[in-house]
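S.K.: model this:
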Amino acid sequence: MASKPHTARHEIKISAPAETVYRMLAQAEEWPRLFPPNIYVAHVERGQSEERIRIWATAGDSVKNWTSHRVLDAENLSIRFRQEVSTPPVAAMGGTWHVEALAAGDTLVRLDHDYQAVDEEGLGWIDEVVDRNSRAELESLKTIAESDGAVAGLSCSFEDTVAIGGSAQDVYDFIDRADLWTDRLPHVRAVRLEEPEPGLQTLEMDTLSKDGTSHTTKSYRVCLPHHRIAYKQVTLPALITLHTGRWTVTPGANGVTASSQHTFTVDPGKVTKILGADATVQDAIDYVRTALSTNSMATLGLAKAFAEGRAGGDRR
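M.R.: So this is what the prediction gives:
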């Protein structure tokens, strides 16, 4: 029997224009870069003031996904949301983002939730997750909104692409089967892969950089056969504070195009410690971009050889 309805409110004052804050909340596809719990967000339907989005996010020690209907009111700076089908122990979940302009250019953001648990036993878990995630989201929203472009100056987005004369399924399978990467990718030293449910992976691996150093990363991956694998790293190399990415496979007339996209943010406090006393933020961005691109292009090149070998009759 479902629990009684519960409500929660979290709020924060932000020293940034209300319109800026509202715009950040409205752009749901950017949430994995904005909110720590969010892994991937995709639009299912999109209209002028209403949309349906599918969200993958951490909830405690697990990852949940759901589809929400959102009503965006730009005039009144509010966004209402309601989960269409909730994931147990959540029976129902909804709420509203309220963005209010204050004096002197500040903004008050209130995040309201209403929810029910599948049963009373699950209610405490939901209370804890709603509180933890709401606080983390509001603090991150405040930090980025108040940065006045500083975070943008520490960040970089780029994409590497190759043309492959093979099938989308073979390319996708090569990237999806990360448990085989120690045998397939020279820069991967060890892999620990878990897939608690189809399409959702936890990937921890040890990789070698171009300079010979090794580091361990952990990522959550959302796998959408046979065209996209999106991920967010939750255990990061020391030089960066954010890394999201996606592998995309797009069919064409003569095969497929495979792409690896990265977005990352460097930690300015670690630049000179890791790269030397004279290193700049731009040096750090260039260093990370080169390292990520080198590994991505190596993976894409080997995926190309694998898929084209299969297209030519090699089924190894």
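
S.K.: can you pull out the helices in the stretch 151-300 of the chain?
M.R.: Remark: helices assigned in the stretch 151-300 of the chain by DSSP state H, counting those that start in this stretch are 168-176, 181-184, 271-275, 281-311.

S.K.: what's the spacing between the last one and its chain's center?
M.R.: When you say that, I think you mean helix 281-311. 19 Å (Cα atoms, centre = their mean, to the nearest Å).

S.K.: repeat that for the third one.
M.R.: Here the centre of mass of C-alpha atoms in helix 271-275, compared against the chain's by Cα atoms, centre = their mean, lies 26 Å away.

S.K.: re the thing from before, among the helices of the stretch 151-300 of the chain, which is the most enclosed?
M.R.: Compared across the helices of the stretch 151-300 of the chain, helix 168-176 shows the largest average neighbour count, a mean of 22 (mean count of other Cβ atoms under 10 Å). C-betas here are computed from N, CA, C, even on glycine.

S.K.: tell me what angle that helix forms with helix 281-311.
M.R.: Helix 168-176 runs at 130 degrees relative to helix 281-311, counting by axes from the mean of the first three to the mean of the last three Cα atoms, to 10 degrees.

S.K.: and helix 168-176, average pLDDT?
M.R.: Average pLDDT, helix 168-176: 98.

S.K.: stretch 273-292 too?
M.R.: If you average the pLDDT values across stretch 273-292, you get 96.

S.K.: just how off-centre is it within its chain?
M.R.: For stretch 273-292, the distance to the chain centre is 23 Å (Cα atoms, centre = their mean).

S.K.: likewise for stretch 236-245?
M.R.: Distance, centroid of stretch 236-245 to centroid of chain: 12 Å (Cα atoms, centre = their mean).

S.K.: also stretch 129-143?
M.R.: Using Cα atoms, centre = their mean, the offset of stretch 129-143 from its chain centre is 16 Å.

S.K.: ok, now stretch 189-196?
M.R.: In terms of Cα atoms, centre = their mean, the centre of stretch 189-196 is found 18 Å from the chain centre.

S.K.: quick check: domain ranges of this protein?
M.R.: Domain segmentation of the chain under automatic domain parsing yields 6-148, 151-311.

S.K.: and stretch 108-117, C-alpha only, in CSV?
M.R.: In CSV, the C-alpha atoms belonging to stretch 108-117 read as follows (Å, rounded to 0.1, in the frame of the first residue of the first chain):
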residue,chain,number,x,y,z
LEU,A,108,15.7,33.1,-4.7
VAL,A,109,15.2,29.6,-6.0
ARG,A,110,12.7,27.3,-4.3
LEU,A,111,12.5,23.6,-5.2
ASP,A,112,9.3,21.9,-4.1
HIS,A,113,8.7,18.2,-4.2
ASP,A,114,5.6,16.1,-3.5
TYR,A,115,6.0,12.3,-3.4
GLN,A,116,4.7,8.9,-2.3
ALA,A,117,6.5,5.7,-1.6
